[in-house]
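*Asks:* sequence and predicted structure are below.
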Amino acid sequence: MKLTRKLVLAKAKASDLDSVKKLNCCVNSISSLSPLAGCLSLCELYLRRNTVQSLAELCHLRPLPRLKVLWLAENPCCGTEANKYRLTVLRCLPRLHKLDNQVVTEEELSLALAHGDDITTPPGTVQDQLSTNGMADLDTENDPLHYNMEETNKIREQLGMKPLARDKFASLSSPVTKEAKLPFKKAHTLEAVLLLMKDLDGEELQIVHTVAQNRLQICTVT
């Protein structure tokens, strides 16, 4: 069965996608999650025993800031390595409080963010960065502001946050790269992370804190 906007609204008994808060689509032979990207108020999603083949489908759930509960068990994408599966899902969706009816602990989330597999966004889910004539805009690609914006928005996407517009990004410009003697790419990555800190709430900052501590421990050992 193909998951469509009409089916989502029927299952949730809602009039529009933005009002869908809880959705139960268990045992429906669903393979693609793309229609769910518009359910910005979705808090609980039940997809047990469907036909989702790849964890890459979870990229469609990244823009959902309120998603706290996900039941994905008994889908082909879960594979046979339960621990690896959980770490990968939680790295992609670090806001989850419960996965497959099991509470997500801070320790598990820390492990997921440090060791879970990175999920690549499926082709077609993000618009290609092309100019109006269909060719890559080399001037924009080499523009430091564009590079910072790309780095920042990539991280924002992983956190389920909306991308920054270019004009807004310019107003948040930071002097970090001018003073820090870091390699070009690392300097802009650091600036992107610092810019994101301004938009995070207490819970999200706690996640950043946990991951930073984990990374520091690894760096200290090596």
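*Replies:* That came through fine.
*Asks:* please count neighbours and contacts with C-alpha atoms only from this point.
*Replies:* OK.
*Asks:* low-confidence regions, this structure specifically.
*Replies:* 121-199, 217-222 (pLDDT under 70).
*Asks:* show me where it has helices.
*Replies:* In the chain, the segments counted as helices under DSSP state H are 5-12, 82-92, 106-115, 138-141, 144-158, 166-171, 176-179, 184-197, 202-221.
*Asks:* ok, the closest residue in space to Arg66 that isn't next to it in sequence to Leu61 distance?
*Replies:* Setting aside the residues directly before and after it, Arg66 is nearest to Cys43 in space (Cα to Cα, 6 or more residues apart in numbering), at 5.1 Å. Distance, Cys43 to Leu61, by Cα to Cα, to the nearest Å: 11 Å.
*Asks:* give me the more crowded residue out of these two.
*Replies:* Ranked by neighbour count (other Cα atoms under 10 Å), Cys43 and Leu61 place Leu61 first, with 23 against 18.
*Asks:* got the contact list for the more buried one?
*Replies:* Taking Cα atoms under 8 Å, 6 or more residues apart in numbering as the criterion, Leu61 is in contact with 33, 36-37, 93, 160.
*Asks:* which of the residues you listed has the largest number of neighbours?
*Replies:* Comparing those by number of neighbours (other Cα under 10 Å), Leu93 comes first, having 26 neighbours.
*Asks:* what's the separation between the nearest residue to that residue once chain neighbours are set aside and Leu36?
*Replies:* In this structure, Leu93 finds its nearest non-sequential neighbour in Arg62, 6.4 Å apart by Cα to Cα, 6+ apart. Distance, Arg62 to Leu36, by Cα to Cα: 10 Å.
*Asks:* go on, Ser29?
*Replies:* The value you get for Ser29 to Leu36, if Cα to Cα is used, is 16 Å.
*Asks:* and for Arg91?
*Replies:* From Arg91 over to Leu36 (counting by Cα to Cα), the distance is 19 Å.
*Asks:* likewise Leu109?
*Replies:* 24 Å.
*Asks:* repeat for Ala10
*Replies:* 13 Å.
*Asks:* for Leu47, same thing?
*Replies:* With Cα to Cα as the criterion, Leu47 and Leu36 are 12 Å apart.
*Asks:* could you do Lys21 as well?
*Replies:* 11 Å.
*Asks:* list the contacts for Leu113?
*Replies:* Contacts of Leu113 (Cα under 8 Å, 6+ apart): 87, 90-91, 94, 211.
*Asks:* out of the residues you listed, which one sits closest to Leu17?
*Replies:* Pro94 (22.6 Å; Cα to Cα).
*Asks:* end to end, how far does stretch 34-42 reach?
*Replies:* 14 Å.
*Asks:* hmm, who's touching it?
*Replies:* 3-5, 8, 17-23, 57, 60-67.
*Asks:* which of these count as buried?
*Replies:* 3, 5, 8, 17, 19-23, 57, 60-67 (16 or more other Cα atoms under 10 Å).
*Asks:* which of those residues fall within strands?
*Replies:* 22-23 (DSSP state E).
*Asks:* gap between the two ends of stretch 68-79?
*Replies:* With Cα to Cα as the measure, stretch 68-79 spans 22 Å from end to end.
*Asks:* go through it and flag the buried ones.
*Replies:* Quick answer for stretch 68-79 (16+ other Cα under 10 Å): 68-78.
*Asks:* cool, thanks, signing off.
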